[in-house]
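K.L.:
The sequence and its predicted three-dimensional model are supplied below.
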Amino acid sequence: MTIQREIRIHTTVSDVAEAVAGEFISVVGGVQRLGKTPRVVLTGGTLGIAVLRATAQHPAAASIEWNNVDLFWGDERWLPDGDAERNDEQAREAFLAPLAIGGDRVYRCPSPDSGLDLDQAVARYASDISWVWEEKTAFDLVFLGVGPDAHIASIFPGRTDLVEATEPVIGVRNSPKPPPERLSLSRVAINRAARVWLLISGEAKREAYAHIINDDDALVAPAASVEGQLQTIVFADTVVSD
Ligand SMILES: O=C(O)[C@H](O)[C@@H](O)[C@H](O)[C@H](O)COP(=O)(O)O
């Protein structure tokens, strides 16, 4: 399946983060101007968090009603609340706190502190966000950091159980990227987005980038198999793409 992707290349990682931040603000502002509450799925990872930090620092950030944006996570690490390695904690420090974003529109994944086990936490998150599936376009925008093995969220190559999952939220065990246990949206859920933005930079991601451009099989390169209903953009630096 050939996915129509737009490729946007910037010289440095910070240029990528700045550019994505500006686009993020523009998309959220556009949805709000239509009288809708934007639904945005955040990602963890170095570039994903750099984008959130650049967004919080962007001059146009003040133009957005950030507490009228529904925020979700594409994946979350199965770690205690407040753990520095949790994606939501890194997002809090870089983006939520600086913009005073809080309240009931921030849909965090449960942690072990909830008293739930991983499978129960998956069911809880699936229930918490089940209302998004009422619309064909469940999300306005999904951010996805891309791993060196072309994983996205916590969907890893070679893992048929993850790549071919049809439930919206899945539990992940034996993750090759620590920590071993995670929650993740599935590809099916990710593809219910209007916009899918892949974030990829640096020498270590060159092979993953090539998998995406070559439209390789989902089991080989999950990052090559996700597509927005309206647009799929790859934001990359020149190191990964030259
Ligand atoms: O929980 C996670 O680890 C992320 O959600 C993961 O999908 C990340 O986005 C990629 O691994 C890229 O991470 P880096 O940008 O740090 O390589």
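P.N.:
Perfect, thanks for sending it.

K.L.:
does the longest helix anywhere in the chain come close to the ligand?
P.N.:
Scanning the chain for the helix with the most residues, using DSSP state H, yields helix 13-33. No. Judged by CB under 6 Å from any ligand atom, helix 13-33 makes no contact with the ligand; its nearest approach is 9.6 Å. Yep, even glycine has a C-beta here, placed from its N, CA and C like the rest.

K.L.:
And that helix, how far out from the chain middle?
P.N.:
14 Å (CA atoms, centre = their mean, to the nearest Å).

K.L.:
again, but for stretch 47-64
P.N.:
On CA atoms, centre = their mean, the centre of stretch 47-64 falls 15 Å from the chain's centre.

K.L.:
Export the longest helix of the chain to CSV, keeping only CA atoms.
P.N.:
The C-alpha trace of helix 13-33 is given here as CSV (Å, rounded to 0.1, in the frame of the first residue of the first chain):
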residue,chain,number,x,y,z
VAL,A,13,16.7,19.1,15.1
SER,A,14,15.8,22.4,16.7
ASP,A,15,14.6,23.7,13.3
VAL,A,16,12.4,20.6,13.0
ALA,A,17,11.0,21.1,16.5
GLU,A,18,10.4,24.8,15.8
ALA,A,19,8.6,24.1,12.5
VAL,A,20,6.5,21.4,14.0
ALA,A,21,5.5,23.6,16.9
GLY,A,22,4.3,26.3,14.5
GLU,A,23,2.3,23.8,12.5
PHE,A,24,0.9,22.3,15.7
ILE,A,25,-0.4,25.7,16.9
SER,A,26,-1.8,26.4,13.5
VAL,A,27,-3.8,23.2,13.3
VAL,A,28,-5.1,23.5,16.9
GLY,A,29,-6.1,27.2,16.3
GLY,A,30,-7.8,26.2,13.0
VAL,A,31,-9.9,23.5,14.7
GLN,A,32,-10.8,25.8,17.6
ARG,A,33,-11.9,28.5,15.1
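
K.L.:
Now the element after it, going C-ward?
P.N.:
Counting by DSSP states H and E, the next helix or strand C-terminal to helix 13-33 is strand 39-42.

K.L.:
could you pull out the helices for the protein?
P.N.:
Going by DSSP H, the chain shows helices at 13-33, 46-57, 87-91, 118-128, 160-163, 187-190, 206-213, 238-241.

K.L.:
elements contacting the fourth one?
P.N.:
In terms of contact count using 3 or more CB pairs under 8 Å, 6 or more residues apart in numbering; DSSP states H and E, helix 118-128 is assigned the packing partners strand 169-172, strand 182-185.

K.L.:
if you set the cut-off to 6 Å instead, what comes out?
P.N.:
When contacts are defined as 3 or more CB pairs under 6 Å, 6 or more residues apart in numbering; DSSP states H and E, helix 118-128 sits against strand 169-172.

K.L.:
what does the strand it packs on rub up against?
P.N.:
Residues from elsewhere that reach strand 169-172 (CB atoms under 6 Å, 6 or more residues apart in numbering): 118, 119, 122, 125, 126, 154, 182, 184, 186.

K.L.:
go with 8 Å
P.N.:
Strand 169-172 is contacted by residues 75, 118-119, 121-123, 125-126, 129, 154, 156, 162, 181-186, 189 when judged by CB atoms under 8 Å, 6 or more residues apart in numbering.
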